[in-house]
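S.K.: A structural model of the following input is requested.
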Amino acid sequence: MAIGRIPEPGTGIPESIIAAKGDILTGTANDTPAVLSVGTNGHTLVADSAETTGLKWAAPAAAPFVGVLLTKSANQSISNSTATAISFNGETYDTNAFHDNSSNNTRITIPSGQDGYYLVFGNCGWGLNATGRREFSLRKNGSTPALADGGTGPTSGAYVSNIFSIVVNLAAADYIELFGFQTTGGAFDVESTTSLGTTFGVVKLG
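M.R.: Here you go, the predicted model:
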């Protein structure tokens, strides 16, 4: 309304159209105002052309689970004192084609549109040997230094597991690999099923 003008009688939306706390003024058609009553606590307003007002209250959609967990079907020999990328030919789950079981199967690659922070986790499971160290590292795009690394000495008569988890910011087309390293003096296996086995995975946090 322009300053100094008096509205014509019968024009404007009357206050009485609002009948309750939380009522929202909307429309059902051209020049046709309407009221949408407040929804359930915690619900959000979303567009819906099937509704009279074109709007409705609805529970927020849950964020979809995004991630991958890789496994091995056979042991893999790791040469003495040589950091070696571990291959994986099995998938417990893979929601967005993070991994290929045959091509570049040492890699978890971030798909298009899935940039974000990821929980990277897994385990290197080693066989029985009383000599040297068992170590792992995580590498991004094939480079060092590692995103995370760690190791342990041998435990006579027991299997050794390098269990790890770390949060990493990754962009589409980035790839990460799990490397094993050991110093037994000869070739030594990471295990596929013994003890905790050898696994590798990521879960998108957001």
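
S.K.: domain assignment for the chain?
M.R.: Domain segmentation of the chain under automatic domain parsing yields 18-58, 67-204.

S.K.: what sits against residue 72?
M.R.: Residues in contact with residue 72 (C-beta atoms under 8 Å, 6 or more residues apart in numbering) are 86-90, 190, 192, 197-199. C-betas here are computed from N, CA, C, even on glycine.

S.K.: where does the protein have low pLDDT?
M.R.: Within the chain, the set of residues satisfying pLDDT under 70 comprises 1-11, 144-148, 155-157, 194-196.

S.K.: quick one, helices of it?
M.R.: Remark: no helices are assigned in the chain by DSSP state H.

S.K.: circling back: need the winner for burial among the domains of the chain.
M.R.: Among the domains of the chain, ranked by average contacts under mean count of other C-beta atoms under 10 Å, first place goes to domain 67-204 (a mean of 17).

S.K.: tell me how far the ends of that domain are from each other?
M.R.: In terms of C-alpha to C-alpha, to the nearest Å, the two terminal residues of domain 67-204 are separated by 6 Å.

S.K.: does residue 114 touch residue 205 like I think?
M.R.: No - at 11.5 Å, residue 114 and residue 205 do not qualify as touching, with contact defined as C-beta atoms under 8 Å.

S.K.: that older thread, switch the domains of the chain over to TSV; also include distance to residue 12.
M.R.: Formatted as TSV, the entries for the domains of the chain read as follows, by distance: least, C-beta to C-beta, whole Å:
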stretch	distance to residue 12
domain 18-58	10
domain 67-204	47
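
S.K.: picking that back up, nearest to residue 159 among the contacts of residue 72?
M.R.: If you rank the contacts of residue 72 by distance to residue 159 using C-beta to C-beta, residue 197 comes first, at 9.9 Å.

S.K.: the closest residue to the closest one other than its chain neighbours and residue 24, how far apart?
M.R.: Computed as C-beta to C-beta, 6 or more residues apart in numbering, the closest residue to residue 197 that is not its neighbour in sequence is residue 125, at 4.9 Å. Summarising the geometry, the distance separating residue 125 from residue 24, computed by C-beta to C-beta, to the nearest Å, is 58 Å.

S.K.: again with residue 167
M.R.: From residue 167 to residue 24 the distance is 40 Å (C-beta to C-beta).

S.K.: cool, residue 110 as well?
M.R.: Residue 110 sits 40 Å away from residue 24 when distances are taken as C-beta to C-beta.

S.K.: same question, residue 100
M.R.: Per C-beta to C-beta, residue 100 is found 49 Å from residue 24.

S.K.: I'd say residue 125 and residue 191 touch.
M.R.: Yes - at 4.3 Å, residue 125 counts as touching residue 191 under the criterion of C-beta under 8 Å.

S.K.: mutual contacts of these two, please.
M.R.: Common neighbours of residue 125 and residue 191, counting by C-beta under 8 Å, 6+ apart, are 159, 197-198.

S.K.: format those residues as CSV; extra columns: distance to residue 151.
M.R.: Formatted as CSV, the shared contacts of residue 125 and residue 191 follow (distance: C-beta to C-beta, whole Å):
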residue, distance to residue 151
159, 15
197, 18
198, 15
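
S.K.: and those, which is closest to residue 58?
M.R.: Within those, proximity to residue 58 (C-beta to C-beta) peaks at residue 197, which comes in at 42.5 Å.

S.K.: appreciated, that's everything.
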